[in-house]
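Visitor: Predicted model follows, preceded by the sequence.
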Amino acid sequence: MKILICGGGTAGWLAALMIAKAQRHSHNITVVESSKIGIIGAGEGSTGYLTDIILGTNYDYGCNERDFLVETNATVKLGIHHKSWQDVGVDYIAPIDTSAAQSLIDYTVLHAIANDFPVHLSSIDGFLIEKSKSSFMMLEENKLENIRSHAYHFDAHLVGKYFKKVCGDSVNTIDSEIIDITLTEDGSVKEIKLANGQTIEADFFIDCTGFKKLFAKKLNVNWISYSKNLPVNRAMPFLLDYEDNEEIKPVTTAWAQSAGWMWQIPTQTRKGCGYVYCSDFISDDDAHAEIEKLLGRSVDPIKVLNFDTGRQEKLWHKNCLFLGLCAAFAEPLEATSIHSTIVQLQSFIFSYLKDTKQETCNDGSINVYNKRMSRMYDDFKDFLNLHYMTNRKDSKFWLWMQTRETITETSANILEMQKYRTLQASDIDNYHGYAGASLYNWILAGLGYLNKEIAVKELAFFGDTDKAALIWKLHQDRFFQIADTMIDNTDFIKNLNKYLHGTVLHKHTNCSSW
């Protein structure tokens, strides 16, 4: 089957890589990308799903972690530091992994809260963040071992280039811009016309055209907006140099501001940053001034982006799959974009993509796929929405959020339930790519809903107060031993090329936690 991938950013080249490697003998794959269309490389984060691709955890796509780290300016990500989210000056850390001990109740989390310990210390990733350690240890000179699941920070404009290199000659490339899309009588995509004069036909098309949504618009697929529940709609990305002797923790920083939040992502050479805000409550000029005042230094925005949080009503329509930013965008707070792109591709490639157009594009497959993927995006909306249910009342934006006009039904149910019992694994539907109860609990604890009173009651109810204390001590002792063997994160970043001169060994193969 002839597959045409339109758009050469991260989503486009991920699609090319995964299809070419997983079904290398079945399809002729071409990526149409334009060197005239830039990609904003102001720092981006991932989840463990991208790490699985790089390490070949579930399937070998031919990637190499050493090369990925070097060529994408990448660093390790072990969690998110939420600054001033519960209230002004009240921070919390949400690790990307689960806590050390889980069963019917989460012993270590509850013990931490019941005893006024920082809750993130109940996970090894949280412990390493606290100690400013990377997830790598030195075995011998120039040879490393990553013994922990980790995600990445990187320059977004370099990631697509890396995947393009790994694809090699298994994927064709055309450098041009799409100027028109032609449909067949039944409404399928027939061909595209390019600025260079070419007309390209294909059996199957993958739309990776970002916010332009070229194919979705041509096919009249409806956009379902999440703006009622996720109201931020503007982003102002910029770059910051590291300060002298700055400590670099292995975290994405999400710093709540008067009308949204600011991200700070540490790459090897600088921090990629941006202010994500709701234009109903602040102007671009005032947002710029707010960030400069906060940081105490001048900021030069790369550009200002408009977006509407939401998803396509259909993620697959006839012979066209929507992927990346043109498929959905639920704001960057939890790095769901690349995560969901990978989930979409894994599902499509291993469950639905067949040798021919007729076998692939049947209504049954399309309908089931759309139901599964739409559910994932809608669940992400709930997960992200919960982050905004804070106690802040210091601006018009946060006062409005306090009215709960934006709350989703799922968030409302979780907050009501949390008054009486903790969220458990069985409360969240389990499927490939989902955000589980453990991730929700980091947020609930950080925002003060999973509090000391609830924690004490839950431990007493299950009769596990003493057991939780013992488990906590055992895990803390183990965490100290592990942390002692890990390389300091700042040192790892500054000397990364030296450390990676040899071979990166991949002992840890269970990286698919969030």
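Guide: Thanks, I have the structure now.

Visitor: Find the helix or strand that the residue nearest to G433 when sequence neighbours are not counted is a member of.
Guide: Counting by CB to CB, 6 or more residues apart in numbering, G433 lies nearest to V343, which is 3.5 Å off, once chain neighbours are set aside. C-beta here means a position set from N, CA and C on the backbone, and glycine is covered the same way. Counting by DSSP states H and E, the element that carries V343 is helix 336-347.

Visitor: got the residue ranges for the strands in the stretch 51-200 of the chain?
Guide: 75-77, 79-87, 90-95, 133-140, 143-146, 151-154, 172-175, 178-183, 189-194, 199-201 (DSSP state E, counting those that start in this stretch).

Visitor: burial of the residue nearest to G433, as a residue count?
Guide: As a burial measure, V343 scores 21 neighbours (other CB atoms under 10 Å).

Visitor: isn't M373 right next to Q346, touching?
Guide: No. At 11.0 Å, M373 does not count as touching Q346 under the criterion of CB atoms under 8 Å.

Visitor: okay, those two: which has more neighbours?
Guide: M373 (25 against 19).

Visitor: Now for the more buried one: which residues touch it?
Guide: Neighbouring residues of M373 by CB atoms under 8 Å, 6 or more residues apart in numbering: 315-316, 340, 343-344, 347.

Visitor: Am I right that it is in a helix?
Guide: Yes. Counting by DSSP: H, G, I helix; E, B strand; the rest coil, M373 is found in a helix.

Visitor: can you pull the pLDDT of it?
Guide: For M373, the pLDDT comes out at 98.

Visitor: Just give the nearest non-adjacent residue to M1, would you?
Guide: Nearest one to M1, counting by CB to CB, 6+ apart, is D203 at 4.6 Å.

Visitor: check contacts around the spatially closest residue to H339 that is not a sequence neighbour.
Guide: Nearest non-adjacent residue to H339, counting by CB to CB, 6+ apart: T47, 4.3 Å away. Residues counted as contacts of T47 (CB under 8 Å, 6+ apart) are 96, 151, 334-336, 338-339, 514.

Visitor: Tell me where the model's unsure across the stretch 51-200 of the chain.
Guide: 101-105, 140-143, 147-148 (pLDDT under 70).

Visitor: Pretty sure C326 sits against A216.
Guide: Yes. Assessed by CB under 8 Å, C326 is found in contact with A216 at 5.9 Å.

Visitor: the more surrounded of these two?
Guide: When neighbours are counted by other CB under 10 Å, C326 and A216 differ, and C326 comes out ahead with 25 against 22.

Visitor: got a list of what the closest residue to the more buried one other than its chain neighbours touches?
Guide: Leaving aside its chain neighbours, C326 sits nearest to K213 (4.4 Å; criterion: CB to CB, 6+ apart). Contacts for K213 (CB under 8 Å, 6+ apart) come out as 207, 223, 312, 322, 326.

Visitor: got those residues as CSV, with distance to A412 columns?
Guide: Formatted as CSV, the contacts of K213 follow (distance: CB to CB, whole Å):
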residue, distance to A412
D207, 34
W223, 25
Q312, 26
F322, 30
C326, 30
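
Visitor: If any of the residues you listed are buried, give me the ChimeraX selection for them.
Guide: Buried members of the contacts of K213, identified by 16 or more other CB atoms under 10 Å, are gathered into one ChimeraX selection as follows:
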select :207,312,322,326
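
Visitor: Quick check: the farthest pair among the contacts of K213?
Guide: D207 and W223 (12.9 Å; CB to CB).

Visitor: and for these two, which residues touch both?
Guide: Common neighbours of D207 and W223 (CB under 8 Å, 6+ apart) are 213, 216.

Visitor: Determine which residue lies closest to the centroid of this structure.
Guide: In the chain, the centroid-proximal residue (CA atoms, centre = their mean) is A335; its distance is 2.0 Å.

Visitor: Which residue, other than its chain neighbours, is closest to that one?
Guide: G45 (4.4 Å).

Visitor: Count the neighbours of I179 for me.
Guide: With other CB under 10 Å as criterion, I179 counts 12.

Visitor: mind listing the helices for the stretch 351-500 of the chain?
Guide: In the stretch 351-500 of the chain, helices defined by DSSP state H, counting those that start in this stretch lie at 357-360, 363-387, 396-402, 409-418, 437-446, 452-461, 465-485, 489-494, 496-499, listed in chain order.

Visitor: Can you say which of those helices is packed in most?
Guide: Among the helices of the stretch 351-500 of the chain, helix 437-446 has the highest mean neighbour count (mean count of other CB atoms under 10 Å), at a mean of 23.

Visitor: so that one versus strand 79-87, what angle?
Guide: Relative orientation of helix 437-446 versus strand 79-87 (axes from the mean of the first three to the mean of the last three CA atoms, to 10 degrees): 40 degrees.

Visitor: Tell me how the protein divides into domains.
Guide: For the chain, automatic domain parsing gives the domain ranges 2-72+153-225+309-381, 234-306.

Visitor: looking at the ones you listed, which is closest to E453?
Guide: Among the domains of the chain, domain 234-306 sits nearest to E453 (CB to CB), with 24.9 Å.

Visitor: Just the terminal-to-terminal distance for that closest one.
Guide: 5 Å (CA to CA, to the nearest Å).

Visitor: show me what contacts the residue nearest to M1?
Guide: 1-3, 319, 356-357.

Visitor: Thank you, goodbye.
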